[in-house]
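K.L.:
Structural data only, the sequence is not supplied:
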Ligand SMILES: [Zn+2]
Ligand SMILES: [Zn+2]
C-alpha cells in the first residue's frame, strides 16, 4: 500500500480531530482544552510528549528521544503545527461550529489534525525510523507568538533539529485541485513589524500656529516621507510595504491645535536585509523630521516577526518527496510570496526548512471566504494529503546522510 493510501485510510480520523478542535477554539498562549485534546490523541497512539509551564505548546516525538542514556542515532526532523484560533464570532452554520465566541478562522484546527495524522503514520513506522521525528504543536501564532517561548524551552535541542517542515491551509494560487500543495524557494511569508509613533508637539489656538508645535502637520509630512522609503530607497525588485493604518489627533474641533498625534502601522518585507534597511530608515526619517520641526516623539516597533525563508537544499529535496505522493499538476511552484506574517519564521531562522501550503479551498454559500473571515470554511477531506506529504518529507530527510544534501 502506498503512503498516500495509508493516509487516505485515516482520512476520517483526521476529519474527526479537526472538527472536534473546531468546536473548542482558544486564543493566545494558554489553550487548555486544545492541549488536552491533542495530549489525549497522542496518548491513544502511544506517542510520548512533553508540556510546558508558561504556555500550552506540546513537544512530542517518534523515534529515539535522545536521552543521555539512549543517545539519538541519525538525524532529527521537526514537523510543526500551530494550534490557536482567533477572536471572531463564527458565522458558518457548520454542524461542528465553534461552541464559544472564538473561531478557528485561520485553519489551525486543520494543521493540528493533519500533524496528528502524520504522527499516526510515522508511529507505525517507528521501529524502522533512522532517527527522531519531533512534533511541535505551537500556541499563539496569531499573537503574541508561541514559537519564541518554545525555542527558549529547548524544543529545537536534545536532540538538535536538523530540518523542519510546516504547513498552512490556503486557497493556493493557480490551482483549483483539492489537496494540491503550493511551495516556493526563498521567501514564503513576509516579515511583519508593527509601528507605533507618538508625536509630541505643543497645542494652542488654531488661529495662532506660530505659538504651537503642530503635530498634525508633522504627521502629514511623516506619512508622505515614509512612503519615499518604498518608492525611492528600496530596490524595486525587493518588495516592501509600509502602511500607516491609523492616525489620531485632535478633539474633533476646528480651532484647537492638539498637543500630540499618534499613528499605528505595519511594515512588510521579504528579506532580512530589506527589513533591516526599512526599519533603520523609518527611525532615521522620523527622528530627522520631528527634530527638524521642533517636536519630540516616542517610537516603537512591536509584534515583530522575521520573514519565513524556505531553505534551498531542503526545499529541493522536499519537492522530490512531494512528487512521490502527488502528481505534478498537484504541486504548484508559487510565483509570489505571501505578504502575511508567520511566527514559524523564528523556527526557520534557527533550522533550515520548508513551509508549504495545502489547497483546501471550499465554497461557503457559493462564495470563497478567505482566512480570518467569519465565514471561512476549509475542505477537511483533503488534509490526509498534507499528512502524507509531511511523512514522506520527514522520512526522506531522515534517510538522507545529510538533510541539507539534495
Ligand atoms: Zn491567521
Ligand atoms: Zn494561520
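P.N.:
Yep, that arrived. Treat the numbers as computed from the prediction; the structure is a model and nothing was measured. Numbering: from 1, shown residues only. Ligands and ions are numbered 1, 2, ... in the order given.

K.L.:
pLDDT below threshold where in this protein?
P.N.:
Low-confidence segments of the chain, defined by pLDDT under 70, span residues 65-72, 401-406.

K.L.:
and it, what are its domains?
P.N.:
For the chain, the domain assignment from automatic domain parsing gives the residue ranges 3-188+308-399, 191-305.

K.L.:
Tell me which of the ones you listed is the most buried.
P.N.:
For the domains of the chain, the stretch with the most neighbours on average is domain 3-188+308-399, a mean of 20; neighbours defined as mean count of other C-beta atoms under 10 Å. Every residue, glycine included, has its C-beta placed from N, CA and C.

K.L.:
Now do that one: distance from first to last residue.
P.N.:
The first and last residues of domain 3-188+308-399 sit 16 Å apart, counting by C-alpha to C-alpha, to the nearest Å.

K.L.:
Kindly report the same for stretch 113-132.
P.N.:
Stretch 113-132 has an end-to-end distance of 20 Å (C-alpha to C-alpha).

K.L.:
hmm, who's touching stretch 94-109?
P.N.:
Contacts of stretch 94-109 from elsewhere in the structure, counted by C-beta atoms under 8 Å, 6 or more residues apart in numbering, are 18-27, 81-90, 110, 141-142, 168-169, 360, 371-374, 376-378.

K.L.:
Narrow the residues you listed to those in helices?
P.N.:
18-23, 110 (DSSP state H).

K.L.:
residues touching the residue most central in space within the chain, list them.
P.N.:
Among the residues of the chain, residue 342 comes closest to the average C-alpha position under C-alpha atoms, centre = their mean, at 2.4 Å. Contacts for residue 342 (C-beta under 8 Å, 6+ apart) come out as 141, 168, 188-189, 305, 308, 355.

K.L.:
Phi and psi next, for it.
P.N.:
Torsion angles at residue 342 (phi, psi; degrees, to the nearest 10) stand at phi -150, psi 120.

K.L.:
Contacts only, for the nearest residue to residue 156 once chain neighbours are set aside.
P.N.:
Nearest residue to residue 156 in three dimensions, chain neighbours excluded: residue 350, at 5.6 Å (C-beta to C-beta, 6 or more residues apart in numbering). When the contact criterion is C-beta under 8 Å, 6+ apart, the partners of residue 350 are 151, 156, 161.

K.L.:
how close does residue 350 sit to residue 318?
P.N.:
Distance check for residue 350 against residue 318: by C-beta to C-beta, to the nearest Å, it reads 18 Å.

K.L.:
What of residue 159?
P.N.:
Between residue 159 and residue 318 the distance, using C-beta to C-beta, works out to 21 Å.

K.L.:
Same question for residue 125.
P.N.:
19 Å.

K.L.:
what does residue 39 give?
P.N.:
In terms of C-beta to C-beta, residue 39 sits 29 Å off from residue 318.

K.L.:
Please, where are all the helices along the stretch 51-200 of the chain?
P.N.:
Defined through DSSP state H, counting those that start in this stretch, the helices belonging to the stretch 51-200 of the chain, from first to last, are 108-123, 147-152.

K.L.:
Which one, of those, ends up nearest to residue 388?
P.N.:
Taking C-beta to C-beta as the measure, the helices of the stretch 51-200 of the chain were each checked against residue 388, and helix 108-123 came out nearest at 7.3 Å.

K.L.:
quick one on the thing from earlier: in TSV: the contacts of residue 350, plus distance to residue 211.
P.N.:
As requested, the contacts of residue 350 are arranged in TSV below (distance: C-beta to C-beta, whole Å):
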residue	distance to residue 211
151	53
156	58
161	62
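
K.L.:
Looking at those, which one is closest to residue 181?
P.N.:
For the contacts of residue 350, the closest approach to residue 181 (C-beta to C-beta) belongs to residue 161, at 21.9 Å.

K.L.:
isn't that closest one right next to residue 314, touching?
P.N.:
No. In this structure, residue 161 is not within contact of residue 314 by C-beta atoms under 8 Å, at 11.7 Å.

K.L.:
Just put the helices of the stretch 51-200 of the chain in CSV and tack on distance to residue 397.
P.N.:
CSV is the format used below for the helices of the stretch 51-200 of the chain (distance: least, C-beta to C-beta, whole Å):
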stretch, distance to residue 397
helix 108-123, 12
helix 147-152, 20
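
K.L.:
same for the helix or strand encompassing residue 291, what does it pack against?
P.N.:
In this assignment (DSSP states H and E), residue 291 forms part of helix 272-292. Taking 3 or more C-beta pairs under 8 Å, 6 or more residues apart in numbering; DSSP states H and E as contact, the helices and strands that helix 272-292 lies on are strand 191-200, helix 215-228, strand 240-249, strand 260-269, strand 296-305.
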